[in-house]
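1. Test case, fold it:
(4 chains)
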There are 2 protein chains.
Amino acid sequence: MESRIERLCIDRGLKMTGQRRVIARVLSEAEDHPDVEELYRRATSLDSRISVATVYRTVRLLEEKGILERRDFGGGRARYEASEHGHHYHLIDIDTGKVIEFEDEEHERLMRQIATRLGFDLVSHRMELFARKRNEDAATVSAAGIAAGPEPEPAAARRFPVEKRFGGRGR
Amino acid sequence: MESRIERLCIDRGLKMTGQRRVIARVLSEAEDHPDVEELYRRATSLDSRISVATVYRTVRLLEEKGILERRDFGGGRARYEASEHGHHYHLIDIDTGKVIEFEDEEHERLMRQIATRLGFDLVSHRMELFARKRNEDAATVSAAGIAAGPEPEPAAARRFPVEKRFGGRGR
DNA sequence: CTATCTGCAAATGATTTGCCCACAT
DNA sequence: ATGTGGGCAAATCATTTGCAGATAG
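-> Down below sits the predicted model:
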């Protein structure tokens, strides 16, 4: 009943309102990297008395509290994931928008070493790989975006192949 | 008289207008990673008959042509740099917004290897280090943002220490 | 009870675009 | 000449915020 993230919120002394509880639950159950729009969709499907503004406010609050981590996978909107999924990196399939996580022990050490060499203390770092599934069958050239497998990633994915380009802030 | 980037534009058959020539020159002479606002400032100081819209259009065009590369250093606006500065990475001083470039031969190979292991072909990748200058004297705790050294990076830098937070698209 | 939250709508800021005129080729 | 580029202002989009009412502790 009490989601993992709700627990974290309570521990940090956050006032738990109905909408926060729902959002916390949605975040706790998320296995992907939803953007605000998607979080809003999932949250309202559980309790319609939630507005996007609240999702934005909550997501920001949780990020400041270190419970959530904001990601930028190039789709134009921020994506979120619970902090305690451990340190890992992301590889984004540029044809489907699907995100794959992977670890690499060597990296953090290497980056820290580089920062040190430059006279700095590493505070945080970011690394994303944009790649395309290796030619498996043969027919996948322009058909890729159409028949891609399951789509764990929400809306944003659909805009990936086409590389949306208009209004608002781009890319 | 003919800037390095103007040359590239001509080679790719782009129609060279007065404003493009100026923007190309500004880009060719840039030693930092200016955002559109800064490019606009520099361009208009050479020829006032240029609008921001044109800078945006040009910068996007050059990016599509592979002449420019767009960067995101977390300031909320895109930063640009000529492609042919060779492959390198960036370390952003989170107190001053200053950007330091560094190389790391090992990285690309390592990333490509990871992508391959996951069944993908690496198309592009991104990596940024956010760090803080290692404690030199002692007095640098909250005074940092005030007395930072030279500021090769434009406007955006000033908003870094405070971690701007309002309106528009944030962070 | 009171500080904090929420919904709603309006505001923001970066970036794009429609329209019509100017210009490079 | 003619398709392409530019200025200006309006449009977009993700995100934030002011305000008045709701609510947790």
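
2. distance between the ends of stretch A:75-91?
-> Distance across stretch A:75-91, first residue to last, is 14 Å (Cα to Cα, to the nearest Å).

3. do stretch A:13-24 as well
-> End-to-end span of stretch A:13-24 (Cα to Cα): 14 Å.

4. in it, what counts as buried?
-> By 16 or more other Cβ atoms under 10 Å in any protein chain shown, the buried positions in stretch A:13-24 come out as A:Leu14, A:Gln19, A:Arg20, A:Arg21, A:Val22, A:Ile23, A:Ala24. For glycine as for every other residue, the C-beta is placed from the backbone atoms N, C-alpha and C.

5. Check what contacts it and list those residues.
-> A:3, A:5-6, A:9-10, A:39, A:43, A:46-47, A:49-50, A:54-55, A:58-59, A:61, A:65 (Cβ atoms under 8 Å, 6 or more residues apart in numbering or on different chains).

6. same thing with stretch A:85-93?
-> Residues contacting stretch A:85-93 (Cβ under 8 Å, 6+ apart): A:33, A:71, A:73-74, A:98-104, A:107-108, A:127-133, A:148, B:114-115, B:118, B:120.

7. Need the buried ones from those selected in ChimeraX.
-> A single ChimeraX command is used to select the members of these judged buried by 16+ other Cβ under 10 Å:
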select /A:33,71,73,74,98,99,100,104,107,127,128,129,130,131,132,133,148 /B:114,115,118,120
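
8. show me where pLDDT drops low in chain A?
-> Within chain A, the stretches with pLDDT under 70 are A:137-171.

9. Show me which residues of it sit near chain B.
-> Neighbours of chain B within chain A, by Cβ under 8 Å from any Cβ of the partner chain: A:70, A:72, A:91, A:93-94, A:100, A:102, A:104, A:106-107, A:110-111, A:114-116, A:118-135, A:169-171.

10. Next, work out how far apart A:His30 and DNA strand D are.
-> Heads up, residue A:30 is Ala, not His. 16 Å (Cβ to the nearest atom of the strand, to the nearest Å).

11. Burial check on that residue, number of neighbours?
-> Neighbourhood size, A:Ala30 [other Cβ atoms under 10 Å in any protein chain shown]: 18.

12. Check the one 10 residues further on too.
-> Under the neighbour criterion other Cβ under 10 Å, A:Tyr40 is assigned a count of 21.

13. packing partners for the one helix or strand it maps to?
-> Using DSSP states H and E, A:Tyr40 sits in helix A:36-46. Other elements packing on helix A:36-46 under the criterion 3 or more Cβ pairs under 8 Å, 6 or more residues apart in numbering or on different chains; DSSP states H and E are helix A:18-29, helix A:52-64.

14. The longest strand along chain A - contacts with which helices or strands?
-> In chain A, assigned by DSSP state E, the strand with the most residues is strand A:120-133. Using 3+ Cβ pairs under 8 Å, 6+ apart as the contact test, the elements touching strand A:120-133 are strand A:89-93, helix A:105-117, helix B:105-117, strand B:120-133.

15. List the strands paired with that strand, with their directions.
-> When pairing is defined by DSSP bridges, strand A:120-133 lines up against strand A:89-93 (parallel), strand B:120-133 (antiparallel).

16. re the thing from before, tell me which ones among the buried residues of stretch A:13-24 also neighbour DNA strand C, please.
-> Restricting those to those touching DNA strand C (Cβ under 7 Å from any atom of the strand) yields A:Leu14, A:Gln19, A:Arg20.
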